[in-house]
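Q: One predicted model, sequence on top.
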Amino acid sequence: MTRIIFHIDVNSAYLSWTAISLLKKGEPTDLRTIPSIIGGSIEDRHGIVLAKSTPAKKHGIVTGEPIIQAMQKCPNLIAYPPDFALYSKCSRAMFDILSEYSDRIEPFSIDEGFLDYTGMEALFGPPIEAAKAIQKRILAELGFTVNIGISTNKLLAKMAGELEKPNKCITLFPEEIETKFWPLPIEDLFMVGRRTAPRLRKMGIRTVGELAAYPPLLLEKEFKSFGKLLHAYANGIDDSPVAPSVSESKSIGNSTTTPFDVTDREAAYKILLALSETVSMRLRQEKLCAEEIAVTLKTANFQVYSHQKQLPNAIDCTNAVYAAAAEIFDEVWKGEPLRLLGVRAGKLCKEDCIQLSLLEQDWSKQKKADAAMDAIRKKYGKNSICRSTFLGEKNTFQKE
């Protein structure tokens, strides 16, 4: 049976949810109809833009820019601080509606998720008809709009939902790849970030279609195993299942405050490896896997910033967690002295929900080594075995 996957994404989630809450309290103006943003404080002139209205977008305001910069573009800009308790409530209400259409639902973030509609046509009709019914219910019962992308796998469903906004229902089936998917600029492809896109363009790859046609061996030479994944995604190939998360908010993390300023990359790598080892061991103990890895850094001046990476497949292997953490660190570290580093595994799911993919790096040997080390530590204590990397190192990586 051909799979049918929906990707549901709330349009301007934080701003929409705040606007609805204010309207219910008697606010006469809908924030979505005026230049407005969520994030920070205009009075204090600090913070960044987390979400923006369509009128604010017309002023050139973009998500992630400083509040003061947004104000310069639009002096009459209205800003409200984020209310994550409200957002969690709105998110749960949306997923409650989605759960009436399938028991296979995977939250991808607070405002988006996947629904496996395979085999549900007999109950709710053709996919497009069901998707439009979901849109109408969410708008009527909760007051906000969503985009729904429809395809045969998660990747294409997510890409479909990005083709046109807001409040759209769009398909991207395999037979539509050539006309709808391949003409997109390479930056639009899922998993192509700000560091990968320039490298692809330097190779003469400007569109998704050009990446799909590029020799896979040359991509692997340039990007290692990630090159194989990029080529597969460009061709619309994704075999990952819709796997329900254990808990949307649950995560496993570890951080450490160092007794010295960390100023070089190699020292930071060692700390990240130690933290990754602890986090991944806890994942294995709880028989969980993570679909997201996040890294948090605190500078010697007490500035804190963090970044997370969505993974194509869930992981619990130490080397896999560390590889993701190191990649994130390389992207976000600005070279300033650090006093705290943290690694967190999020979007957790049961290990038996994981579907192995031929497109991903084979961690099987490392997983066997992890299992052996876990068994030794369980029997003889956590300090009974360590990696050669840590020989001679003081134990400065205590969990906080």
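A: Great, that's in hand.
Q: show me where the stretch 51-200 of the chain has helices.
A: In the stretch 51-200 of the chain, the helices defined using DSSP state H, counting those that start in this stretch lie at 54-58, 67-73, 84-98, 121-124, 127-142, 154-161, 196-202.
Q: So Pro28: helix, strand or coil?
A: Classification of Pro28 using DSSP: H, G, I helix; E, B strand; the rest coil returns coil.
Q: where in this structure is pLDDT low?
A: Residues of the chain meeting the criterion pLDDT under 70: 40-46, 245-249, 351-368, 373, 376-400.
Q: which residues touch stretch 173-193?
A: For stretch 173-193, contacts defined as CB atoms under 8 Å, 6 or more residues apart in numbering pick out 150-152, 155-156, 158-160, 162-163, 172, 197, 200-201, 205-212, 229-230, 233-236, 310, 312, 331. Where C-beta positions appear, they are placed from N, C-alpha and C, glycine not excepted.
Q: Narrow those residues to just the buried residues.
A: Buried members of these, scored by 16 or more other CB atoms under 10 Å, are 150-152, 155-156, 158-160, 162-163, 172, 197, 200, 205, 207-212, 229-230, 233-236, 312.
Q: What about the residues you listed, which are in strands?
A: Per DSSP state E, strands hold the following members of the buried ones among the contacts of stretch 173-193: Ile150, Ser151, Pro312.
Q: Can I get those in TSV including distance to Pro337?
A: Below are those laid out as TSV (distance: CB to CB, whole Å):
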residue	distance to Pro337
Ile150	49
Ser151	47
Pro312	34
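Q: tell me which of these is nearest to Gln69?
A: Pro312 (33.6 Å; CB to CB).
Q: hang on, that closest one packs against Leu229?
A: Yes - between Pro312 and Leu229 there is a contact under CB atoms under 8 Å: 6.0 Å.
Q: Please enumerate the strands of the stretch 201-350 of the chain.
A: For the stretch 201-350 of the chain, the strands defined by DSSP state E, counting those that start in this stretch occupy 252-262, 288-299, 304-315, 338-350.
Q: could you dump these to CSV with distance to Ile134?
A: Shown next, in CSV, are these (distance: least, CB to CB, whole Å):
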stretch, distance to Ile134
strand 252-262, 32
strand 288-299, 23
strand 304-315, 23
strand 338-350, 22
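Q: Nearest to Leu217, out of those strands?
A: Leu217 lies closest, by CB to CB, to one member of these: strand 304-315, at 20.2 Å.
Q: Give me the sheet partners of that closest one and which way each runs.
A: strand 288-299 (antiparallel) (DSSP bridges).
Q: ok now the strand it pairs with, how far from the chain's centre?
A: Centroid separation between strand 288-299 and its chain, computed with CA atoms, centre = their mean, to the nearest Å, is 11 Å.
Q: again with stretch 322-331
A: 14 Å.
Q: nearest spatial neighbour of Ser88, skipping sequence neighbours?
A: Closest residue to Ser88 apart from its sequence neighbours, by CB to CB, 6 or more residues apart in numbering: Ile110 at 6.8 Å.
Q: Tell me who's in contact with that neighbour.
A: Ile110 neighbours (CB under 8 Å, 6+ apart): Ala13, Tyr87, Ser88, Ser91, Glu248.
Q: can you tell me which of those residues lies nearest to Tyr305?
A: Tyr87 (21.0 Å).
Q: For that closest one, grab the count of nearby residues.
A: Using other CB atoms under 10 Å, Tyr87 has 20 neighbouring residues.
Q: Could you do Asp370 as well?
A: Neighbourhood size, Asp370 [other CB under 10 Å]: 21.
Q: where's the residue nearest to it when sequence neighbours are not counted relative to Leu272, distance?
A: Of all residues beyond its chain neighbours, the one nearest Asp370 is Thr318 (5.4 Å), with distances taken as CB to CB, 6+ apart. Computed as CB to CB, to the nearest Å, the Thr318 to Leu272 distance reads 11 Å.
Q: hang on, the earlier thing: farthest pair within the contacts of Ile110?
A: By the measure CB to CB, Ala13 and Glu248 form the most distant pair in the contacts of Ile110, at 14.0 Å.
Q: between those two, who's got more neighbours?
A: Ala13 (22 against 18).
Q: thinking that one is in contact with Leu86, fair?
A: No - Ala13 is beyond contact range of Leu86, at 10.9 Å (criterion: CB under 8 Å).
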